Each structure stands twice: as structure tokens, then as C-alpha cells.
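Chemist: output the structure for:
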Amino acid sequence: MKVMPALANNMLKFMKEKPKLDLSTVVIAPMPGAIKSVTAKVGMMVTEGQELCVMEAMKMQNSLLAGKTGKVKKVNCKPGDTVEEGFVLVELE
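Modeler: Numbering: from 1, shown residues only. Modelled structure (predicted):
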């Protein structure tokens, strides 16, 4: 149950709904950091759970994995890039 003031409830009527993003088709940076390696290439077929890139943040390396089986549509990063939290690193079809 969500309780909110009447004014806020009335304002909701005029706000646009956020579009739903299928997170299985994108790999997003979970935190700010540096890209160490990118194994994904455009056109490459990947399977669910396959490593697409490695990111270093706070002295730890994180493997970022494919959320589903598919084809790599776009790679938005390269080794050495510094990215912010929420940046889309790889897109899948």
C-alpha cells in the first residue's frame, strides 16, 4: 500500500509513464568505474551468462554478463574508458 498527499496523487494524472526497458537486452554499468576488457564484438552471437566485458571499480574487477542469448547489436565502450553508473555498455538484439 502506498500513501501520498492528495496534491501528489493529483499530479500523477499528468505525468507520463516511464518506458519499460528490457534489461536483458542491455549490459549496464552497475557503478562508476573503468573498463578493463571488452570481449563483445558487433555481430557476435552470445549465450546467456557469457562474459561481455570486465569493469574495475573500487579496486575490484567485475565481469559483466549477457542477460540473454542473442546477437551483439552495439558496443559503446572500449578498454580504458571511464564510465558512470547506468551507462549502457553493450546492446543485444
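Chemist: list the residues that contact the residue sitting nearest the centre point of the chain.
Modeler: Centroid check for the chain by Cα atoms, centre = their mean gives I28 as the closest residue, at 1.7 Å. When contacts are counted by Cβ atoms under 8 Å, 6 or more residues apart in numbering, I28 is found next to 86-89. Using the backbone N, CA and C atoms, a C-beta is placed for each residue, glycine as well.
Chemist: repeat that with 6 Å
Modeler: If you count contacts by Cβ atoms under 6 Å, 6 or more residues apart in numbering, I28 has them with 86, 88.
Chemist: who does it bridge with?
Modeler: V88 (DSSP bridges).
Chemist: so how far is N9 from it?
Modeler: 31 Å (Cβ to Cβ, to the nearest Å).
Chemist: now do the helices in the protein.
Modeler: For the chain, helices defined by DSSP state H occupy the ranges 6-12.
Chemist: where does this protein dip in pLDDT?
Modeler: 21 (pLDDT under 70).
Chemist: can we see that at 80?
Modeler: 1-2, 18-22 (pLDDT under 80).
Chemist: run through the strands of it in chain order.
Modeler: Remark: strands of the chain, listed N- to C-terminal, are 26-28, 33-38, 45-46, 51-57, 60-65, 70-75, 82-83, 88-92; assignment by DSSP state E.
Chemist: any chance you could list what contacts the second one?
Modeler: Contacting residues not belonging to strand 33-38 are listed as 53-57, 77, 79, 81-82 [Cβ under 6 Å, 6+ apart].
Chemist: and if we set it to 8 Å?
Modeler: Contacts to strand 33-38, defined as Cβ under 8 Å, 6+ apart, come from residues 52-58, 61-62, 75, 77-83, 89-90.
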